[in-house]
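A.B. asks: Have a look at this prediction, sequence included:
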Amino acid sequence: MWGLTPVDQLVCRIQFQQASYKGQYTPPEADRHSIEYPGYNGGSDWGSVAVDPTRGIIIANYNDMPNYNILVPRAKADALGWKPRDEIPYNPHDTGHAEGAGDPQIGVPYAVNVNAGWRLPYTGMLYKEPPYGGIRAIDLRDGRTVWDRPLGTARRNGPFGLPTGLPINIGTPNNGGSVVTSSGLIFVAAATDDLIRAIDMKTGKEVWSTELPAGGQANPMIYTQNGREYLVIVAAGHHYMETPVGDYVLAYALPEQK
């Protein structure tokens, strides 16, 4: 249990004591909140993992956040005007309808209301102590962790939705996978700091980064043309991650091999 201030931490502890938590597979309830940990955003999410078959290494970026859930009877959900996601009109500026936040469930007499990340009601900060996400190298042969580090800085994150501008590597929530090169580099965006970065596969050290014009919640791609490697990523933003929306396709040329 964590909070930006002692008051935040007190509220968090009270909510924890009032909620149901029976470990990893805690079922949701209608009479009280339940804690889902890890939350549905991962662990590893839809971005999945990258594999270097030559070195025998898996690269997995992941989230480490709980959700704070409650089931809502369907009649109450209908009275509140909640609709399934495919019936909500598209609005790129609406970040208030994250998946699960007031969603009627098909074929069951309930909706689910999810506080994704279990965030404070005023500051918007997560109740869990950072890091909220990381990236890890795993040895394919024995499952051993080679290195593990936070992924994402606080530069675009802060209380009340205000960016701190701080380059502190807190490990932010992330969506979107990575790609690896034969030279031993990992390219990944995914985090909420709107950076795409290169990481040394052997050490986990960041060796390059640059700012994207919108959120990089996507899997990068590497391709070769005329003997030179290029890095490509779609920067479109993500409402759940509250990153800037855009419609960019960006390509970066890697240094020419001598």
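C.D. replies: Yep, it's here. Numbers count the residues shown, from 1 in each chain.

A.B. asks: Going by C-alpha atoms from here, please, whenever you check contacts or count neighbours.
C.D. replies: OK.

A.B. asks: so how many other residues sit close to Ile196?
C.D. replies: By the measure other CA atoms under 10 Å, the count of residues near Ile196 is 22.

A.B. asks: did I read that right, it in a helix?
C.D. replies: No - counting by DSSP: H, G, I helix; E, B strand; the rest coil, Ile196 is not found in a helix; it is strand.

A.B. asks: Would you confirm that it contacts Ala189?
C.D. replies: Yes - using CA atoms under 8 Å, Ile196 makes contact with Ala189 at a distance of 4.1 Å.

A.B. asks: if I pick Trp147, what's in contact with it?
C.D. replies: 136-138, 203-204 (CA atoms under 8 Å, 6 or more residues apart in numbering).

A.B. asks: now with 10 Å?
C.D. replies: Going by CA atoms under 10 Å, 6 or more residues apart in numbering, Trp147 touches 59, 135-139, 201-205.

A.B. asks: In a helix, it, correct?
C.D. replies: No - Trp147 is assigned strand when assessed by three-state DSSP, not a helix.

A.B. asks: returning to what we had before: let me know the closest of the contacts of Trp147 to Ile14.
C.D. replies: Ile135 (31.5 Å; CA to CA).

A.B. asks: Next one: the closest one from Leu166, what distance?
C.D. replies: Using CA to CA, to the nearest Å, one obtains 20 Å as the distance from Ile135 to Leu166.

A.B. asks: of the two, who's got more company?
C.D. replies: Taking neighbours as other CA under 10 Å, Ile135 and Leu166 compare with Ile135 leading, 25 against 13.

A.B. asks: which one is the more buried one nearest to, not counting chain neighbours?
C.D. replies: Distance criterion CA to CA, 6 or more residues apart in numbering; nearest residue to Ile135, sequence neighbours excluded, is Asn61 at 3.9 Å.

A.B. asks: Which helix or which strand is home to the one you found?
C.D. replies: Per DSSP states H and E, Asn61 falls inside strand 57-63.

A.B. asks: What of Leu10?
C.D. replies: Per DSSP H and E, Leu10 falls inside helix 6-18.

A.B. asks: one step back: please give me every residue in contact with the residue nearest to Ile135.
C.D. replies: Applying CA under 10 Å, 6+ apart, the residues contacting Asn61 are 42-45, 47-50, 133-137, 148-151, 173-178, 188, 190-191.

A.B. asks: in terms of contact, does Asp52 touch Val180 like I think?
C.D. replies: Yes - using CA atoms under 10 Å, Asp52 is in contact with Val180, at 6.7 Å.

A.B. asks: Identify the contacts common to those two.
C.D. replies: With CA under 10 Å, 6+ apart, Asp52 and Val180 have common neighbours 58-59, 186, 201.

A.B. asks: so which of those comes closest to Tyr110?
C.D. replies: Using CA to CA, Ile59 is the member of the shared contacts of Asp52 and Val180 that sits closest to Tyr110, with 37.8 Å.

A.B. asks: Contacts only, for that closest one.
C.D. replies: Contacts of Ile59 (CA under 10 Å, 6+ apart): 48-52, 135-139, 146-148, 177-180, 186, 201.
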